[in-house]
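*Asks:* Pasting the sequence and the predicted coordinates here, then a few questions.
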Amino acid sequence: MRVHRTREHGCDQDGTVLIIVLWIALGLVSIALYFGNSSSLELRAADNRVAATEASQAVDGAARYAVYVLAHTDQPGVMPDPLTYQRESVAVGDARFWFLGRDYKTAQPTTERPYFGLIDEASKLNINTATVDMLTLLPRMTPELAAAIIDWRDADSDVTENGAEDETYLRRNPPYHCKNAKFESIEEMRLLAGADMEILFGEDPNLNGVLDPNENDGPTTLPVDNRDGRLDPGVLEYVTVSSRESNTLPDGTKRVNVNLAGAGQRLAPILQEKLGSDRANQILGAGGGGRPGGGGNAGGLNGPFRSVLEFFVRSGMTANEFSQIETNLTASAGNYEEGLVNVNTASEAVLTCIPGIGADKAPQLTAYRQSNPDKLNTVSWVAEVLDRASAIQAGPYLTGHSYQYTADVVAVGHYGRGYRRTRFVIDTSEATPRITARRDLSHLGWALGREVRERQQQLVLNQNQR
Ligand SMILES: [Ca+2]
Ligand SMILES: [Ca+2]
Ligand SMILES: [Ca+2]
Ligand SMILES: [Ca+2]
């Protein structure tokens with residue numbers, strides 16, 4: 001009996017000990033699980049921070065690379081051939097970067113798949129120089145916003161038709177003044193009367209020129225789009241504040257103003273060097289209106305010429321001859337000319353805004369570009385496509401060259417993590433290209449389209465399986 005009791009007691013004790021041990025063990029397991037989980041979360045967070053740092057460094061590296069590409073191009077002032085530099089999935093250590101671009105060789109540069117490359121700022125309409133009529137022709141533009149652009153940048157406080165000055169902006173909450181000075185960035189347009197998300201961003205809220213799934217599903221997800229299978233971007237797609245041509249070439253040579261007295265004497269040695277003396281004399285004599293030998297001297301350049309294109313049309317030069325001296329010429333007196341549109345890279349939408357071109361002739365220009373890809377370093381071919389009067393009318397707004405480019409850099413760190421996107425504007429008008437603007441666009445979200453995302457996800461899967 002006693003033994004039994006003892007044994008019973010022993011049994012109870014064993015049971016209690018077992019339960020306590022189990023509890024302790026369970027507690028240890030859950031503590032281990034808790035710490036394990038939180039340290040893996042912390043590890044994961046730290047890893048994401050590392051990836052983001054890698055991506056940021058790749059962004060900076062990409063900007064330096066873009067400056068290098070532009071500094072070493074064969075033809076300064078001409079869009080670097082996309083085949084001559086690296087544009088997509090460029091490795092920088094464990095990170096990769098892409099230059100998100102626009103396909104300037106097509107009439108509609110926005111597509112279903114991203115195009116990779118640098119972006120020509122002279123392919124866009126400059127909101128510091130475009131007239132209200134030109135602005136009004138942009139897709140989605142309203143008369144109110146076009147007029148507000150003019151009033152924002154003009155020095156006076158006189159309200160133009162449909163426009164807005166101080167009295168509009170001072171009524172806002174919080175109130176602010178009309179700038180009455182040039183735009184320094186296109187994003188300033190968000191402050192303007194009549195500007196809204198739909199006009200500025202259109203169907204492309206991530207500003208990548210790519211038709212993303214949410215941009216073609218109607219009202220199901222933002223933005224509200226028309227579900228027509230093509231991207232209809234907003235005004236921001238088509239405008240710039242950066243385009244300008246210096247009247248001093250990057251190598252320090254002053255351009256010859258074809259309207260100045262003595263232009264002929266300054267032009268003579270350039271023409272002689274490139275085309276020989278006989279031809280130089282013929283051309284310098286012909287400038288008044290296609291009379292070969294007419295005038296017979298440098299004074300034969302009878303201006304005024306409203307543009308370099310007009311000078312070409314009236315000079316009797318062949319397009320090939322003209323292309324050799326084109327960058328040496330200007331028709332403006334200042335230190336630089338702002339807002340010329342590069343007819344070799346501008347989209348149909350932008351060309352439509354140019355006086356003398358319009359919606360009817362813009363497709364002819366882009367069609368010519370597609371069938372003559374080797375001629376796209378000059379403005380002269382415009383005279384082959386447009387009639388003489390239209391070419392002369394369009395001339396003051398056009399150029400064949402570009403000196404400012406955007407590098408829209410997207411980068412990810414290892415395993416495709418740590419997404420970063422920054423837009424840089426690079427000015428090549430001086431001897432050394434330099435970055436003149438930088439804007440972080442990471443907050444706009446993934447911009448590289450579906451294919452690159454899937455490829456990135458596949459890389460992660462492959463890594464995890466190893
Ligand atoms: Ca004003
Ligand atoms: Ca998009
Ligand atoms: Ca949508
Ligand atoms: Ca659409």
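*Replies:* In hand now; what should we look at? Residues are numbered from 1 along each chain as shown. Ligands and ions are numbered 1, 2, ... in the order given.

*Asks:* Counting neighbours, what do you get for residue 370?
*Replies:* With neighbours defined by other CB atoms under 10 Å, the count for residue 370 comes to 10. All C-beta spots, glycine's among them, are computed from the backbone N, C-alpha and C.

*Asks:* just the one 4 residues further on next, same as before
*Replies:* The burial count assigned to residue 374 is 5, neighbours taken as other CB under 10 Å.

*Asks:* Where do the helices of this structure begin and end?
*Replies:* 2-71, 132-136, 143-153, 166-169, 197-201, 263-275, 277-286, 308-315, 319-325, 348-352, 358-371, 382-385, 388-394, 449-465 (DSSP state H).

*Asks:* rank those by mean pLDDT and give me the bottom one.
*Replies:* Note on the helices of the chain: lowest mean pLDDT is at helix 2-71, with a mean of 76.

*Asks:* Residue 322 against residue 378, yeah?
*Replies:* Yes - the pair residue 322 / residue 378 is scored as a contact, 6.9 Å apart, by CB atoms under 8 Å.

*Asks:* For those two, indicate the residue with more neighbours.
*Replies:* residue 322 (25 against 22).

*Asks:* got a list of what that one touches?
*Replies:* Residues in contact with residue 322, defined by CB atoms under 8 Å, 6 or more residues apart in numbering, are 312, 315, 378, 380.

*Asks:* picking that back up, which of the helices of the chain is buried the deepest?
*Replies:* Ranked by mean neighbour count under mean count of other CB atoms under 10 Å, the helices of the chain are led by helix 308-315, which reaches a mean of 25.

*Asks:* from the contacts of residue 322, which is closest to ligand 4?
*Replies:* Minimum distance to ligand 4 across these is 34.4 Å, recorded for residue 378 (CB to the ion).

*Asks:* okay, that closest one: pLDDT?
*Replies:* With respect to pLDDT, residue 378 scores 93.

*Asks:* so how many other residues sit close to the closest residue to residue 142 other than its chain neighbours?
*Replies:* Excluding the flanking residues, the one nearest residue 142 by CB to CB, 6 or more residues apart in numbering is residue 194, at 5.7 Å. Look at residue 194: counted by other CB under 10 Å, it has 19 neighbours.

*Asks:* Provide a list of residues in contact with residue 194.
*Replies:* Residues in contact with residue 194, defined by CB under 8 Å, 6+ apart, are 142, 144-145, 147-148, 164.

*Asks:* List the contacts of residue 258.
*Replies:* So, once contact is read as CB under 8 Å, 6+ apart, residue 258 ends up touching 267, 301, 303, 305, 308, 311, 329-331.

*Asks:* Could you report the separation of residue 365 from residue 384?
*Replies:* Residue 365 is 10 Å from residue 384, where distance means CB to CB, to the nearest Å.

*Asks:* err, residue 324, not the other one
*Replies:* Distance of residue 324 to residue 384, computed by CB to CB: 17 Å.

*Asks:* Fine, thanks again, bye for now.
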